[in-house]
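Chemist: The following block contains a protein sequence and its predicted model.
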Amino acid sequence: RTRFAIDRLLALGVSSDAKDRWGTSPIEALAKRGPRAAPLVRYLGTKGVTIAPETLAQIGDRASLAKLAPETLTRAPVIEAAVRARHAHVATWLLDRGASPDARATWGSKGTLLHTAAWNGDLAMVELLLGRGADPSAIDEEHRTAPAEWAEVSLGVTNNPECAAVAQRLGITDYDQVWQ
């Protein structure tokens, strides 16, 4: 988690492309730490490690995204990374450039952006996506549920109280039936 550690690992021959058992590369793992990891992600870039557009969205680096080809900015994984990381400013910017408010994750349950925002309890992101035309009745591929149910389940699983407001906004008002 420091430049020294990065330099030492690279000097020892550690692969910058190797994936862990969850399929995550070192740069992706760093990016999951959000904006505070941005300097280290950029540092890896100076060492020849490719920084994917999704990684830039995940760390909230709109300036670097702006240098990419326009068609890259409309790819589902890019806006999904911004939504997952709760970067409303990046998500808004990507939507303004043609990204779909109904984009789906390309991994896991393959829910929409609204599913992701609902799971996070991110009411501001939910409002943004709904305002841009996201479908609140979209069903994910694995669980066959709508975003409202994701907020409801997340409330119980993660104990995130913000999910209650999202579930209510998306139409769920009776939580007792879910947890019986």
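Modeler: In hand now; what should we look at?

Chemist: CA atoms for contacts and neighbours, from now on please.
Modeler: OK.

Chemist: where do the strands sit along the chain?
Modeler: Secondary structure of the chain by DSSP state E: no strands are present.

Chemist: what bits of it have low per-residue confidence?
Modeler: 174-180 (pLDDT under 70).

Chemist: And the residue nearest the centre of it?
Modeler: Residue closest to the mean C-alpha point of the chain, counted by Cα atoms, centre = their mean, is Arg84 at 2.2 Å.

Chemist: tally of neighbours for Ala29?
Modeler: 16 (other Cα atoms under 10 Å).

Chemist: Distance-wise, check it relative to Ala37.
Modeler: In this view, Ala29 and Ala37 are 10 Å apart by Cα to Cα, to the nearest Å.

Chemist: can you check Ala69 too?
Modeler: In this view, Ala69 and Ala37 are 24 Å apart by Cα to Cα.

Chemist: still on that earlier bit, report the contact partners of the residue nearest to the centre of the chain.
Modeler: 58, 116-117, 120 (Cα atoms under 8 Å, 6 or more residues apart in numbering).

Chemist: Tell me who's in contact with Gly108.
Modeler: Glu142.
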